[in-house]
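**Q** got a predicted structure here, sequence first:
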Amino acid sequence: MYSFMGGGLFCAIIGNILIVVSTATDYWMQYRLSGSYAHQGLWRYCMANKCYMQTASIAYWNATRAFMILSGMACFAGIMAGILSFAHFSAFERFSRSFAAGIMLFISTLFVLLAMAIYTGVTLSFLGKRFGDWRFSWSYILGWVAMLMTFFAGIFYMCAHRLYESRRVVGSH
């Protein structure tokens, strides 16, 4: 049980770090504009070695930002529940912290999946056609890797919960 919880905690921490780095950095997309390379993130775009804030309130950027922030918060809550699941308090006998950690990490996975799907869909549909020479970049890829990490962290915590429940049921007979 502790090995599942340890694996889940490791994946959750790595996933949360990747969510923060992906959200904060400016390399979601790279493209060639007027002969020079440019790149953009969720908050800024950079051209000719100068970066500018994304001042336009475009719905898909706002949705992607919001879902990435919610994902990071849900992942952090899952990490806290995961840390608490190592402690056994008799007052919380009916409340499984490993189950709560797994649910929070699956919610985090859902939020990051929504963010990545929105960004991918709009980029491929609209922006990809406007810029001929473009590609997704490493911040974007970190977002997808973060989704996988939070998903596997949730799986680990659900396995730990099932193992704990099966031992508890067998031990009560």
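**A** Thanks, I have it. Numbers count the residues shown, from 1 in each chain.

**Q** so what's residue 32 closest to, chain neighbours aside?
**A** Take residue 32 and drop its neighbours on the chain: the residue closest to it by C-beta to C-beta, 6 or more residues apart in numbering is residue 133, 4.2 Å away. For glycine as for every other residue, the C-beta is placed from the backbone atoms N, C-alpha and C.

**Q** do you know how far the residue lying closest to residue 123 once chain neighbours are set aside is from residue 103?
**A** Using C-beta to C-beta, 6+ apart and skipping the chain neighbours, the partner closest in space to residue 123 is residue 29 (6.4 Å). Plainly put, residue 29 is 33 Å away from residue 103 if you go by C-beta to C-beta, to the nearest Å.

**Q** one more: residue 111?
**A** 13 Å.

**Q** so which of the two has more stuff around it?
**A** Shown here are residue 111 and residue 103; by other C-beta atoms under 10 Å, residue 111 has more neighbours (23 against 19).

**Q** what sits against the more buried one?
**A** 67, 68, 70, 71, 74 (C-beta atoms under 8 Å, 6 or more residues apart in numbering).

**Q** how about stretch 51-58: buried residues?
**A** Within stretch 51-58, the residues scored as buried using 16 or more other C-beta atoms under 10 Å are residue 54.

**Q** hmm, who's touching that stretch?
**A** Contacts for stretch 51-58 (C-beta under 8 Å, 6+ apart): 26, 40, 42, 43, 44, 45, 46, 61.

**Q** distance check, residue 30 against residue 140.
**A** 10 Å.

**Q** give me the low-pLDDT residue ranges for the chain?
**A** 1, 88-95, 128-129, 131, 165-173 (pLDDT under 70).

**Q** in it, which spans are helices?
**A** Applying DSSP state H to the chain gives helices spanning 2-24, 59-84, 97-122, 128-130, 138-171.

**Q** nearest to residue 34, of these?
**A** Across the helices of the chain, residue 34 has its closest neighbour in helix 128-130 (13.2 Å, C-beta to C-beta).

**Q** the contacts of stretch 51-58: which two are farthest apart?
**A** Every pair of the contacts of stretch 51-58 checked by C-beta to C-beta; the farthest is 46 and 61, at 15.4 Å.

**Q** when these two are compared, which one has more neighbours?
**A** Taking neighbours as other C-beta under 10 Å, residue 46 and residue 61 compare with residue 61 leading, 19 against 16.

**Q** all set, thanks.
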